[in-house]
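J.: Provide a 3D model corresponding to the input given below.
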Amino acid sequence: MTTNWRTVKGVTWGRETSDGAGVRLKRVIGQPELDFLDPFLMLDAFGSDEADDYIAGFPPHPHRGIETVTYMLAGRMRHEDDAGHAGTLGPGGVQWMTAGRGIIHSEMPEQEEGEMRGFQLWVNLPAKDKMCTPRYQNIEPGEIPEVTRDSGATVRIIAGTVYGVEGPVRGIAAAPLYIDETLPADTVSDHPVAPDHNAFSYVFAGTAEIGATEAAPGKLVRSGELAVLGQGDAVRIRAGQDGARLILVAGQPLGEPIVKYGPFVMNSKDEILQAINDYQNGTFSNPPAE
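T.: Numbers count the residues shown, from 1 in each chain. You can find the predicted model right below:
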């Protein structure tokens, strides 16, 4: 069969901003140059070894209608929610939280100094699941399978199946692919990607040529840049002379209306107003019995 290679449709930088109680970060998806990439609503890249950039953390705040995915590269973050769940997310760990009908949670640093680095991705929920029961998938570093290729490329598989190995995150409506790949200098790595999925790659170390085809070279993507991939059933990535580290993420687009108001993402203005009302009157995450 002929491979339909995905090329790069566009490249964007993250915008410096702050969130929570003053955490400094780069917003890569969810900013004017890239408002969303269905079903992905937001991608934040955070990283600093200055405690003042992260120490205030993310005090209690609500979510409804989405999933939040936190992937830690360095540092430790403690999460707690109003349903009584609590735990610590350390280097290499993942928390995939399905907010559903509503949850109020906090994510606070469990360190006073040193490096804090990672990503938070927001994934939209289909209309039929927006009011589902909230749930967590807390994945410890050792639960994430790691595959090393003959070329020396190493892939951590968070979600989806790569080289016949399935990641630990399961039961997500967007049927996502989420991998963290480290490539030595000049290494080439090919990845199948479901042809009906939207996909992107964010390079966070080194450089990579992404989206080569049999007829043309790919696009040079530098550290701190996100490449939006075009349609196709596979993508080719070649590391630069200093190697590369990147995430590759893909998911099934929903094609549904998106109405956003801060941490609430629904399908209509009325549903947003209902979320605000529920939050204000105390029935947000624990609706009254019928």
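J.: Name the residues of the least confident helix or strand in the chain by mean pLDDT that are buried.
T.: Lowest mean confidence among the helices and strands of the chain (mean pLDDT, DSSP states H and E): strand 86-89, at a mean of 90. Going by neighbour count (16 or more other CB atoms under 10 Å), the buried part of strand 86-89 is Leu89. Placement of C-beta: from N, CA and C, glycine included.
J.: which element follows it toward the C-terminus?
T.: strand 94-98 (DSSP states H and E).
J.: Now name the helix or strand holding the closest residue to Trp5 other than its chain neighbours.
T.: With sequence-adjacent residues excluded and distances taken as CB to CB, 6 or more residues apart in numbering, Trp5 is closest to Thr213, at 4.2 Å. Under the criterion DSSP H and E, no helix or strand holds Thr213.
J.: pLDDT weak spots in this protein?
T.: For the chain, applying pLDDT under 70 flags the ranges 286-290.
J.: cutoff 50 now
T.: 288-290 (pLDDT under 50).
J.: Quick check: buried residues in the helix or strand where Gln241 lies?
T.: Element membership of Gln241 [criterion: DSSP H and E] is strand 234-251. Neighbour-count burial for strand 234-251, counted by 16+ other CB under 10 Å, picks out 235-240, 243-251.
J.: so what secondary structure elements neighbour it?
T.: Helices and strands touching strand 234-251, by 3 or more CB pairs under 8 Å, 6 or more residues apart in numbering; DSSP states H and E, are strand 116-124, strand 177-183, strand 188-192, strand 198-210.
J.: which residue packs closest to Gly240, ignoring adjacent ones?
T.: Nearest non-adjacent residue to Gly240, counting by CB to CB, 6+ apart: Thr207, 3.5 Å away.
J.: Spatially central residue in this protein, please.
T.: With distances taken as CA atoms, centre = their mean, Leu121 lies nearest the centre of the chain, 2.8 Å away.
J.: May I have the phi/psi pair for the residue nearest to that one when sequence neighbours are not counted?
T.: The shortest distance from Leu121 to any residue other than its chain neighbours is 4.3 Å, reached at Val69 (CB to CB, 6+ apart). Backbone torsions of Val69, given as degrees, to the nearest 10, read phi -120, psi 110.
J.: you'd agree Val69 is up against Asn124?
T.: No - judged on CB atoms under 8 Å, Val69 makes no contact with Asn124 at a distance of 11.9 Å.
J.: List the residues that contact Pro192.
T.: Residues in contact with Pro192 (CB atoms under 8 Å, 6 or more residues apart in numbering) are Asp233, Ala234.
J.: Quick check: beta-bridge partners of it?
T.: Going by DSSP bridges, Pro192 is paired in beta bridges with Ala234.
J.: List the contacts of the spatially closest residue to Lys26 that is not a sequence neighbour.
T.: Distances taken as CB to CB, 6+ apart put Gly14 closest to Lys26, at 3.1 Å, once the chain neighbours are dropped. By CB under 8 Å, 6+ apart, the contact list for Gly14 reads Leu25, Lys26, Arg27, Val28, Gln31, Leu43, Asp44, Ala45, Gly224, Leu226.
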